[in-house]
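In: coords below, sequence missing:
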């Protein structure tokens, strides 16, 4: 494998980035952290809720964090990422609970969910996504909102609206009560730039790419002058 000149290596790997917040309003993303809710939405077999958003660049989906209470080991849940079209949300990526381990504790906590069934999922411009929470059977849990007042979601993604369904997720409509918002966080990894050479001056980039070739030319030997004299 050829050695990379330091500047060339910097050019090639300048686009490497790590997971960061895509959108959210949680004060912490530590699984199991205690929260204090100012309002809650009940999620059960009939009632479900979602939050919509769009992105302007490609992200590789990471973890999803939710502020939930009354979420014990007997509750049936369905948390997923969907695509929103009109009043319909279609599931595109299933999420499974990662941490903490559920018990009989009904405290308001941060719960972490991760992608399941797929090796990765890309958030792409042009799609309206909906982080959706549903329930099941005869159980219920609550999706809470931190603090006394609503906290607008922030991040590089574009927040849309909160949506509510009262018909088991058949149709979703924009939630009209602006105080009944919910706490969440979505993280992801921005995809590296395909050619991040703009991060360095053009002259340095060209020098980095040309230097190995110049070294190769310098190693070519010129025939001795005395051989020319003999031939003459």
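Out: Happy to help now that I have it. Just so we're clear, the structure is a prediction, and the values are computed from it rather than from any experiment. Residues are numbered from 1 along each chain as shown.

In: where's residue 162, which helix or strand?
Out: Taking DSSP states H and E as the definition, residue 162 sits inside strand 158-165.

In: what's the distance between the helix or strand that that strand is followed by and the middle of its chain?
Out: Once the chain leaves strand 158-165, the next helix or strand it forms, by DSSP H and E, is strand 173-174. Centroid displacement of strand 173-174 relative to its chain, using Cα atoms, centre = their mean, to the nearest Å, is 24 Å.

In: could you give the mean pLDDT of strand 173-174?
Out: Strand 173-174 comes out with an average pLDDT of 97.

In: what's that strand packed up against?
Out: strand 158-165 (3 or more Cβ pairs under 8 Å, 6 or more residues apart in numbering; DSSP states H and E). All C-beta atoms are positioned from the backbone trio N, CA, C, and that covers glycine.

In: Partner strands of the strand it packs on, with direction?
Out: strand 48-54 (antiparallel), strand 173-174 (antiparallel) (DSSP bridges).

In: Run through who's touching it.
Out: The list of residues contacting strand 158-165 from outside it, by Cβ atoms under 8 Å, 6 or more residues apart in numbering, reads 23, 41, 47-56, 84, 89, 128, 130, 152-153, 171-175, 180-182.

In: Quickly compare the strands paired with strand 158-165 and say which is most buried.
Out: Most buried of the strands paired with strand 158-165 by mean neighbour count (mean count of other Cβ atoms under 10 Å) is strand 48-54; its value is a mean of 22.

In: where's the residue nearest the centre of the chain relative to residue 138, distance?
Out: Centroid-nearest residue in the chain, with Cα atoms, centre = their mean: residue 188, separated by 2.2 Å. Residue 188 is 35 Å from residue 138, where distance means Cβ to Cβ, to the nearest Å.

In: what's the answer for residue 26, then?
Out: Taking Cβ to Cβ, one finds residue 26 at 29 Å from residue 138.

In: Could you list the low-pLDDT ranges of the protein?
Out: Along the chain, the parts satisfying pLDDT under 70 run over 1-17, 193-232.

In: now the helices: where do they sit in it?
Out: For the chain, helices defined by DSSP state H occupy the ranges 6-13, 202-218, 225-231.

In: What about residue 109, how many residues nearby?
Out: 21 (other Cβ atoms under 10 Å).

In: these two touch, right, it and residue 33?
Out: Yes: the pair residue 109 / residue 33 is scored as a contact, 6.6 Å apart, by Cβ atoms under 8 Å.

In: Centre of the chain to stretch 49-66, how far?
Out: Worked out by Cα atoms, centre = their mean, stretch 49-66 lies 6 Å from the chain centre.

In: likewise stretch 23-34?
Out: 15 Å.

In: ok, now stretch 135-147?
Out: Using Cα atoms, centre = their mean, the offset of stretch 135-147 from its chain centre is 23 Å.

In: buried sites along that stretch?
Out: 135, 139, 140, 141, 142, 143, 144, 145, 146, 147 (16 or more other Cβ atoms under 10 Å).

In: out of everything not next to it in sequence, what's closest to the third one?
Out: Spatial nearest neighbour of residue 140, chain neighbours left out: residue 44 (3.8 Å); criterion: Cβ to Cβ, 6 or more residues apart in numbering.
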